[in-house]
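Asker: Can you look at this prediction? I've put the sequence above it.
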Amino acid sequence: MTAAATPAYAGLTPRQVLEALEAVGLHGDGRILQLNSYENRVFQLFLEDGGAVVAKFYRPGRWSDAQIVEEHRFATELAADEVPVVPPLPLRAAADAPAGLLLQPADAPTLATLAHHRFAVATRCAGREPELDRPGTLQRLGRFIGRLHAVGRRGAFQHRWVMDPVRDGHAARDALLACGLIPDTHVDSWRSACDQALAALQAAIERAGPLRWLRLHGDCHLGNVLWREEGEQAGPHMVDLDDACMGPAVQDLWMLVSGDALSMHAQLDELLDGYRAFADFDRRELVLIEPLRTLRLVRHSAWLAARWHDPAFPAAFPFFGSAAWWSQHTAQLREQAEAMASGSA
């Protein structure tokens, strides 16, 4: 299998989703809603008992079973430490489950495989995107991430991705040059800008020196944070650890700040004020912000190119591959090279 959508995965039907859930003893009442997710197929289902769950069907070939189970164990560990995440539910085979149903791990199953589909189930968690202009929001987000990282530092992933910005940036560059989606008129200018940006990224990484990597969320932007307003669990929640990895702590902070340099510094100070209540922060990591932003720019483009044969992607990202898109991307990479050369953080 590859990370591109297989025909069976791309054509996953509501009936198949319901049957998969029935195999683990969760009986839907017929109401099913596909949620916004490009990488995986995610569904909200209402159950006959009046409850509701969210089922995630993993894209074939992206993660191994061992990597998914390690993600689940991390989420369960966080929840046990009362960090507000939504862990996968324990699964058990229904009495009439198909013979081909596989549950992993054996001691506490959270990952099911049925008819080549791998899926996990979690309790539905409602909320909205945090409003960063509300007083105290950034500080509370910082406390939340600090708690997550305090748990993350207790161990290390054995199977998940380990960030290496230099290696990962060059791998994404090479994949884009080989994908055939960059217009011929833009290949040379894009290659030059990308090479310049990656050279500046490497120099910035070397200036930072050796840093400590830890288990972290990995894709901590506002779209991946749910804010709840009421009850004992009011505040930020994480509902998905699909990109959990080993990396620097600042990876889970920099995507939460925006604006000009002065605004970003003020926002970072507020985030770190909350973060340090639960975890130490090495300020040398601040020099990684622009390199990590550059890495995200290149890897995001490589991700789109790798998924372009999935019908959902051209429909969702119609401008990708156009001359205007690559012109803009080239300009962004040049701006990033300048930012890293000037030492901006």
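Answerer: Arrived safely, thanks for sending. Given the structure is predicted, the values throughout are model-derived calculations rather than measurements.
Asker: Residue 140 reaches residue 237, doesn't it?
Answerer: No: Residue 140 is beyond contact range of residue 237, at 11.5 Å (criterion: CB atoms under 8 Å). (C-beta placed from N, C-alpha, C; glycine too.)
Asker: how about residue 29, secondary structure?
Answerer: strand (DSSP: H, G, I helix; E, B strand; the rest coil).
Asker: Next, the contact list for it, please.
Answerer: 46-48 (CB atoms under 8 Å, 6 or more residues apart in numbering).
Asker: And those residues, which is closest to residue 341?
Answerer: Nearest to residue 341 among those is residue 46, at 53.9 Å by CB to CB.
Asker: how many neighbours does the closest residue to that closest one other than its chain neighbours have?
Answerer: Closest residue to residue 46 apart from its sequence neighbours, by CB to CB, 6 or more residues apart in numbering: residue 31 at 4.2 Å. Residues lying near residue 31 (other CB atoms under 10 Å) number 11.
Asker: Check residue 323 too.
Answerer: With other CB under 10 Å as criterion, residue 323 counts 11.
Asker: Just the pLDDT for it.
Answerer: Per-residue pLDDT puts residue 323 at 95.
Asker: still on that earlier bit, go ahead and confirm the residue nearest to residue 46 touches residue 48.
Answerer: No: if you go by CB under 8 Å, residue 31 and residue 48 don't touch, sitting 10.4 Å apart.
Asker: what sits up against the longest helix seen in the chain?
Answerer: Ranked by number of residues, the top helix in the chain under DSSP state H is helix 184-208. Outside of helix 184-208, the residues within contact range by CB under 8 Å, 6+ apart are 165-166, 169-170, 173, 176-177, 182, 284-285, 287-288, 290-291, 294-295, 298, 323, 326-327, 329-331, 333-334, 336-337, 340-341, 343.
Asker: Kindly recompute the last result at 7 Å.
Answerer: The contact list for helix 184-208, computed with CB atoms under 7 Å, 6 or more residues apart in numbering, reads 165-166, 169-170, 173, 177, 182, 284, 287-288, 290-291, 294-295, 298, 323, 326-327, 329-330, 333-334, 336-337, 340-341.
Asker: Can you pick out the ones from the residues you listed that are in helices?
Answerer: Using DSSP H, the contacts of helix 184-208 in helices are 165-166, 169-170, 173, 177, 290-291, 294-295, 298, 323, 326-327, 329-330, 333-334, 336-337, 340-341.
Asker: Counting neighbours, which of those residues end up buried?
Answerer: 165, 169-170, 173, 177, 290-291, 294-295, 298, 326, 329-330, 333-334, 336-337, 340 (16 or more other CB atoms under 10 Å).
Asker: Please, where are all the strands along the stretch 1-150 of the chain?
Answerer: 28-34, 41-47, 52-57, 102-104, 111-114, 117-123 (DSSP state E, counting those that start in this stretch).
Asker: how does the protein divide up, domain by domain?
Answerer: As assigned by automatic domain parsing, the chain contains the domains 7-123, 137-341.
Asker: before we move on, back to that, and the angle for the longest helix of the chain with helix 323-341?
Answerer: Put simply, helix 184-208 runs at 20 degrees to helix 323-341, going by axes from the mean of the first three to the mean of the last three CA atoms, to 10 degrees.
Asker: For helix 184-208, buried residues please.
Answerer: Applying 16+ other CB under 10 Å to helix 184-208 flags 186, 189-190, 193-194, 196-198, 200-202, 204-205, 208 as buried.
Asker: What of stretch 89-106?
Answerer: Buried residues in stretch 89-106 (16+ other CB under 10 Å): 89, 91, 93, 97, 101, 103-104.
Asker: So for that stretch, first residue to last residue, what's the gap.
Answerer: 14 Å (CA to CA, to the nearest Å).
Asker: dump the residue contacts of residue 65.
Answerer: Here residue 65 is in contact with 104, 111 (CB under 7 Å, 6+ apart).
Asker: Now do the same for residue 242: helix, strand or coil?
Answerer: Once three-state DSSP is applied, residue 242 turns out coil.
Asker: Tell me where the stretch 201-345 of the chain is predicted with low confidence.
Answerer: Applying pLDDT under 70 to the stretch 201-345 of the chain flags residues 230-234, 343-345.
Asker: you'd agree residue 23 is up against residue 97?
Answerer: Yes: judged on CB atoms under 7 Å, residue 23 makes contact with residue 97 at a distance of 4.5 Å.
Asker: My guess is residue 24 contacts residue 98. True?
Answerer: No: with contacts counted by CB under 7 Å, residue 24 stays clear of residue 98, the gap being 10.8 Å.
Asker: out of the domains of the chain, which comes closest to residue 130?
Answerer: Evaluated with CB to CB, the domains of the chain place domain 137-341 nearest to residue 130, the distance being 4.4 Å.
Asker: start to end distance for that closest one?
Answerer: End to end - CA to CA - domain 137-341 spans 32 Å.
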